[in-house]
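1. I'd like to go over a predicted model; first the sequence, then the structure.
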There are 2 protein chains.
Amino acid sequence: MTAATFSQWMSDIQQRTETALDCALPAADIAPARLHEAMRYAALGGGKRVRPLLVHAAGQLSGATPERLDRVACAIEMIHAYSLVHDDMPCMDDDVLRRGKPTVHVEYDEATALLVGDALQTQAFLHIADAPVCDSPQGQIAMIRQLALASGSRGMCGGQAIDLAAVGLQLSLAELEFMHIHKTGALIRASINLGVQCGRRLGDNEMASLDHVGKVIGLLFQVVDDILDTEADTATLGKTAGKDAASDKPTYVSLLGVNRARELAEEMCADALGRLAAFGDASQRLAELTRYIVRRQF
Amino acid sequence: MTAATFSQWMSDIQQRTETALDCALPAADIAPARLHEAMRYAALGGGKRVRPLLVHAAGQLSGATPERLDRVACAIEMIHAYSLVHDDMPCMDDDVLRRGKPTVHVEYDEATALLVGDALQTQAFLHIADAPVCDSPQGQIAMIRQLALASGSRGMCGGQAIDLAAVGLQLSLAELEFMHIHKTGALIRASINLGVQCGRRLGDNEMASLDHVGKVIGLLFQVVDDILDTEADTATLGKTAGKDAASDKPTYVSLLGVNRARELAEEMCADALGRLAAFGDASQRLAELTRYIVRRQF
């Protein structure tokens, strides 16, 4: 589709996401300065930006403008960043390292981490409502609604609650999948759906097919995460490795073994790529990104 | 305006708010059931419903339908409920009693309280985006934006951060006002502004005047809260009394003394009522509510 290599494209999106987030977050010298500084600490300068990459790759399927995709990508990344800040807190995963830096409650304090997460969530909804992200205001309201559905008690946040309740339990594969469809899957799926909606309207069948792709990529991402958590070391991951096994959390690896988990990832990848092939050249970046998610080392 | 007495009207709005919240929150038997049960515990069955009362009273100024007002009232009350759940947590105010019941982290656990607050915030944005709340989709997007502004780092959540930073400090009256304009004022002001916007469009001068009323009522509410915190007992308040003095937080009473604080409340009340008089009968409930806020005993 374009002359740039995938890695050039990826690096370009990561850079423009950083710039867009920098503009979308309140400046660190605006009162309350400490809160704003900590929000920026949590959201800027790190992360693979998988969700923004998915938003931009999906936007190519509907010819969306980069400006609208930046806005949606920032809103989704703020939701993701808030969830990490709260998940890392002592009453949740109690983690001290994130993206190679001390977590927010370690660098600042617990009360600030709580407020940073709260305010990043609000900022996400402020940002996606702050300027047009699709051709009609009705469409924009529908997108805000989808972002909320994907993030809330029946999406990401609900997945977190299911995860908490699952510690120490023997889950079936179906139950593990149910947890991950919520916990990480919902926001990844929303990244693709919302990215597409930034551009021209696609047919219902096309949207349904892309929704399936989003669901598969969401689970795929988690399967690979579980494999990496078993195999990589803390320095490579930028977060504490082996955490899940240590805290007796069920994972695809603990349930299936690492070899079957790898096979499952390859099967899911083939499923997603098969669907994307029907979209021709317009799906190039999303297909490349799917392959990257399976092959990534961190 | 209507034949019902103020106390009948108030009781009617409180009841319909309870019913509307009951419908707006996911049922307690939907997975994740424990999270949904705890969200309902936090939001239902208590509270004075001051913000919903303000939404409905303000809606009378523009002839808004009760259904739209219920929707906006529920969204604002969910934001308020989330802020209480998080404020009560050990890393913030560490309070065990709220609305006469154990706080969420006491009744459930800290991790659940964190997720309940997170999910209630998301639910608020889902709810206000889920059906029309004004005559145009553009207007609805503007209302979502205003709700986010009032709740986020430059509104309620920012006020909480300023409050945290102020413990043990000697604030000036201007600094105390700056904190409260954010912490409680922003959402109260938004209740009036958003309630009005559910109905027919008012002129810019009228909206500016009502915005001033909202700002004054927001501060007034806090001045009265500070007086009550000094004078009432825990049983009457339904939350731990004397907390602010005990935790060395600056209040209007600690800064002005109780008599001057009372005078200030009366002056603010007169200011708001003076503005509302220009709206004639349509401002009846908002005027009554303003007087009620000054005279309330809990």
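-> Sure, I can see it. Residues are numbered from 1 along each chain as shown, chains lettered A, B, ... in the order given.

2. quick one, strands of the stretch 1-150 of chain A?
-> Using DSSP state E, counting those that start in this stretch, the strands of the stretch 1-150 of chain A run over A:97-98, A:101-102.

3. ranking the ones you listed by burial, who's on top?
-> strand A:97-98 (a mean of 20; mean count of other CB atoms under 10 Å in any protein chain shown). Yep, even glycine has a C-beta here, placed from its N, CA and C like the rest.

4. direction included, what does that one pair against?
-> Strand pairing for strand A:97-98, determined by DSSP bridges: strand A:101-102 (antiparallel).

5. could I get the strands of the stretch 1-150 of chain A as TSV with mean pLDDT?
-> Formatted as TSV, the strands of the stretch 1-150 of chain A follow (pLDDT from 0 to 100):
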stretch	mean pLDDT
strand A:97-98	94
strand A:101-102	96
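
6. okay if I get those as CSV plus distance to B:Y292?
-> Below are these laid out as CSV (distance: least, CB to CB, whole Å):
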stretch, distance to B:Y292
strand A:97-98, 47
strand A:101-102, 48
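
7. contact partners of stretch A:4-21?
-> With CB atoms under 8 Å, 6 or more residues apart in numbering or on different chains as the contact definition, stretch A:4-21 has outside contacts at A:2, A:43-45, A:48-49, A:52-53, A:56, A:66, A:70-71, A:73-74, A:77-78, A:285, A:288-289, A:292.

8. what comes up buried for that stretch?
-> Neighbour-count burial for stretch A:4-21, counted by 16 or more other CB atoms under 10 Å in any protein chain shown, picks out A:W9, A:M10, A:I13, A:Q14, A:R16, A:T17, A:E18, A:A20, A:L21.

9. so who does A:R275 touch?
-> A:S209, A:L210, A:H212, A:V213.

10. what is the nearest of the residues you listed to B:F221?
-> Distances from B:F221 to the contacts of A:R275, taken as CB to CB, are shortest for A:L210 (47.8 Å).

11. that closest one touches A:V196, doesn't it?
-> Yes: using CB atoms under 8 Å, A:L210 makes contact with A:V196 at a distance of 5.9 Å.

12. which helices and strands sit right next to the strand or helix carrying A:V223?
-> Element membership of A:V223 [criterion: DSSP states H and E] is helix A:204-231. Here helix A:204-231 touches helix A:50-59, helix A:173-180, helix A:186-197, helix A:243-246, helix A:252-256, helix A:258-277, helix A:284-295, going by 3 or more CB pairs under 8 Å, 6 or more residues apart in numbering or on different chains; DSSP states H and E.

13. could you check the angle the third one makes with helix A:50-59?
-> The one in question is helix A:186-197. Angle of helix A:186-197 versus helix A:50-59, following axes from the mean of the first three to the mean of the last three CA atoms, to 10 degrees, is 30 degrees.

14. just the CA coordinates for helix A:186-197, please, in CSV.
-> C-alpha atoms of helix A:186-197 as CSV (Å, rounded to 0.1, in the frame of the first residue of the first chain):
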residue,chain,number,x,y,z
ALA,A,186,-12.4,-5.7,24.8
LEU,A,187,-10.1,-2.6,24.4
ILE,A,188,-8.1,-4.2,21.6
ARG,A,189,-11.3,-5.1,19.8
ALA,A,190,-12.5,-1.6,20.3
SER,A,191,-9.3,-0.2,18.9
ILE,A,192,-10.0,-1.9,15.6
ASN,A,193,-13.7,-1.2,15.5
LEU,A,194,-13.2,2.5,16.4
GLY,A,195,-10.3,3.0,14.1
VAL,A,196,-12.4,1.7,11.2
GLN,A,197,-15.3,4.0,12.2
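
15. still on that earlier bit, in ChimeraX, select just the buried ones from the contacts of stretch A:4-21.
-> Per 16+ other CB under 10 Å, the buried members of those correspond to this ChimeraX selection:
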select /A:43,49,52,53,56,70,71,73,74,77,78,285,288,289
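
16. and A:D118, what does it touch?
-> Taking CB under 8 Å, 6+ apart, we find A:D118 in contact with A:Y82, B:Y82, B:S83, B:H86, B:G117, B:D118, B:Q121, B:C157.

17. do the same with A:C157
-> A:S83, A:S151, B:L35, B:L115, B:D118, B:A119, B:T122.

18. quick check: which element contains it?
-> Per DSSP H and E: helix A:156-166 holds A:C157.

19. on that earlier part again, touching both of A:L210 and A:V196, which residues are there?
-> With CB under 8 Å, 6+ apart, A:L210 and A:V196 have common neighbours A:A58, A:L61, A:L202.

20. any low-confidence regions in the stretch 151-298 of chain A?
-> Along the stretch 151-298 of chain A, segments meeting pLDDT under 70 span A:233-247, A:298.

21. can you name the residue of it nearest chain B?
-> At 3.5 Å from chain B, A:G152 is the closest residue in the stretch 151-298 of chain A, using CB to the nearest CB.

22. how about that residue, phi and psi?
-> Phi and psi for A:G152, reported as degrees, to the nearest 10, are phi -90, psi -150.

23. and if you look at A:R49?
-> Dihedral pair for A:R49: phi 60, psi 40, per degrees, to the nearest 10.

24. quick check: pLDDT value at it.
-> A:R49 carries a pLDDT value of 97.

25. swap in the one 4 residues further on?
-> The confidence metric pLDDT takes the value 98 at A:L53.

26. does it touch A:T290 like I think?
-> No: using CB under 8 Å, A:L53 is not in contact with A:T290; the gap is 10.7 Å.

27. which of the contacts of A:D118 sits closest to A:S172?
-> B:D118 (27.2 Å).

28. the closest one and A:Y82, how far apart?
-> 8 Å (CB to CB, to the nearest Å).

29. ditto for A:Q146
-> For A:Q146, the distance to A:Y82 - CB to CB - is 17 Å.

30. of these two, which one has the most company?
-> A:Y82 (27 against 20; other CB atoms under 10 Å in any protein chain shown).

31. in a markdown table, list the helices and strands packed on helix A:204-231 along with distance to B:A131.
-> Listed next are the helices and strands packed on helix A:204-231 as a markdown table, based on distance: least, CB to CB, whole Å:
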| stretch | distance to B:A131 |
| --- | --- |
| helix A:50-59 | 26 |
| helix A:173-180 | 29 |
| helix A:186-197 | 19 |
| helix A:243-246 | 40 |
| helix A:252-256 | 39 |
| helix A:258-277 | 33 |
| helix A:284-295 | 33 |
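
32. contacts only, for the residue at the greatest distance from the centre of chain A.
-> Within chain A, A:A31 marks the point farthest from the mean C-alpha position, 29.2 Å out by CA atoms, centre = their mean. A:A31 makes contact with B:G158, B:I162, B:F178, according to CB under 8 Å, 6+ apart.

33. re the thing from before, just the buried members of the shared contacts of A:L210 and A:V196?
-> A:A58, A:L61, A:L202.

34. quick one: which of the residues you listed is nearest B:V104?
-> A:A58 (37.1 Å).

35. isn't that closest one right up against A:G195?
-> Yes: with contact defined as CB under 8 Å, A:A58 reaches A:G195; the gap is 3.2 Å.

36. and for the closest residue to A:E110 other than its chain neighbours, the neighbour number?
-> Nearest residue to A:E110, sequence neighbours excluded (CB to CB, 6 or more residues apart in numbering or on different chains): B:C91, at 3.6 Å. B:C91: 21 surrounding residues under other CB under 10 Å.

37. list the contacts for the closest residue to A:R285 other than its chain neighbours?
-> Sequence neighbours aside, A:A57 is the residue nearest to A:R285 in space, at 3.9 Å (criterion: CB to CB, 6+ apart). Contact analysis of A:A57 by CB under 8 Å, 6+ apart lists A:I192, A:G195, A:R285, A:L286, A:E288, A:L289.

38. and which of these is nearest to B:A166?
-> A:G195 (42.1 Å).
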